[in-house]
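**Student:** Requesting a structural model of the entry that follows:
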Amino acid sequence: MKNGKKPTLAQKKFLQDTGLDSEKWLIVKDTPEEMVIVSKIALQRRLCANLIREGKAKIMIATRKDGTTYRYTKPK
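**Tutor:** Below you'll find the predicted structure:
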């Protein structure tokens, strides 16, 4: 896995707008088509699609029956 870099101010704003704590994520790849981020704590990788960055989709937070929460992408 490549080493992640600290997010720029614009990337921090994007991460906060999508409901992620920008202090806990590093940027692995950022192109116009996609942004790949990795968690500092759990080393989880995520792909943020271009639709989210353009505002055509958003990340939703839902709760399962057992009380755990999860995130999913929903088109606007």
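**Student:** Strands of this protein, residue ranges please.
**Tutor:** For the chain, the strands defined by DSSP state E cover 25-30, 34-39, 45-49, 57-63, 69-75.
**Student:** Please name whichever of those strands is nearest to D17.
**Tutor:** Proximity to D17 (CB to CB) singles out strand 57-63 among the strands of the chain, at 8.8 Å. For the C-beta atoms, the positions are set from N, CA and C on the backbone; glycine is no exception.
**Student:** Give me the sheet partners of that closest one and which way each runs.
**Tutor:** Next to strand 57-63 in the sheet, as set by DSSP bridges, lie strand 69-75 (antiparallel).
**Student:** Show the average pLDDT along the strand it pairs with.
**Tutor:** Across strand 69-75, the average pLDDT comes to 73.
**Student:** Check stretch 12-31 too.
**Tutor:** Rounded mean pLDDT across stretch 12-31 is 86.
**Student:** what about it, how long is it end to end?
**Tutor:** Counting by CA to CA, to the nearest Å, you get 15 Å between the two ends of stretch 12-31.
**Student:** for stretch 14-22, same thing?
**Tutor:** End-to-end distance of stretch 14-22: 9 Å, with CA to CA as the criterion.
**Student:** Would you mark the buried spots in that stretch?
**Tutor:** Across stretch 14-22, burial judged by 16 or more other CB atoms under 10 Å covers 14-15, 18, 20, 22.
**Student:** That'll do, ta.
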